[in-house]
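Colleague: quick one, what's the 3D model for this:
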Amino acid sequence: MARILTVKAQPRSKAPGVEELGPDSFRVRVRAAPDKGRANAEVTERLAAHLGVPPSRLTLFRGAASSHKLFRLET
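Modeller: From the prediction side, this is the model:
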C-alpha cells in the first residue's frame, strides 16, 4: 500500500531542513536551485532521510516544475 505525501518545496534556502505541517504534509527547504531537477533530487533525498526510508521508495509523480509536489511512498 502506498502513501501520498504533499510537499511544499523551498529551493535556495539558507537553512535546509524538513518540517512536518500535518499528517503526510511537509515543507522541505533545500539549498539547490530549481535547475535541471537538482532541487527535486535534493527534496527527495531530504524527505527520504527524514522518513528513514531509502530514496528509491519515493516517487515524484506530480509537480516536477512546481513548488507544490506530490510524492508516492511505497511501503
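Colleague: alpha carbons only for contacts and neighbour counts from here, please
Modeller: Noted.
Colleague: how about the helices in the protein?
Modeller: Ranges of helices in the chain, per DSSP state H, are 38-51.
Colleague: any regions of it where pLDDT drops low?
Modeller: Along the chain, no part satisfies pLDDT under 70.
Colleague: for the spatially most central residue of it, what are its contacts?
Modeller: The centroid of the chain falls nearest to residue 43 when counting by CA atoms, centre = their mean (3.8 Å). Contact analysis of residue 43 by CA atoms under 8 Å, 6 or more residues apart in numbering lists 9, 28, 29, 30.
Colleague: between these, which sits nearest residue 67?
Modeller: Set against residue 67, the nearest of the contacts of residue 43 by CA to CA is residue 9 (4.9 Å).
Colleague: ok, that closest one touching residue 71?
Modeller: No: shown here, residue 9 and residue 71 do not form a contact pair, counting by CA atoms under 8 Å, at 11.8 Å.
Colleague: and the closest residue to residue 28 other than its chain neighbours, what does it touch?
Modeller: Among residues not flanking residue 28 along the chain, residue 18 sits closest, at 4.5 Å (CA to CA, 6 or more residues apart in numbering). Listed by CA under 8 Å, 6+ apart, the contact set of residue 18 reads 26, 27, 28, 29, 46, 47, 50.
Colleague: what about the fourth one, how many neighbours?
Modeller: For residue 29, the neighbour count with other CA atoms under 10 Å is 23.
Colleague: specify the beta-bridge partners of it.
Modeller: With DSSP bridges as the criterion, residue 29 is bridged to residue 10, residue 17.
Colleague: contacting residues around it?
Modeller: 9, 10, 11, 12, 13, 15, 16, 17, 18, 43.
Colleague: could you measure from the closest residue to the third one other than its chain neighbours over to residue 2?
Modeller: Spelled out, that is residue 11. In this structure, residue 11 finds its nearest non-sequential neighbour in residue 30, 5.0 Å apart by CA to CA, 6+ apart. For residue 30, the distance to residue 2 (CA to CA, to the nearest Å) stands at 25 Å.
Colleague: do residue 19 as well
Modeller: Residue 19 sits 21 Å away from residue 2, going by CA to CA.
Colleague: repeat for residue 24
Modeller: Residue 24 sits 12 Å away from residue 2, going by CA to CA.
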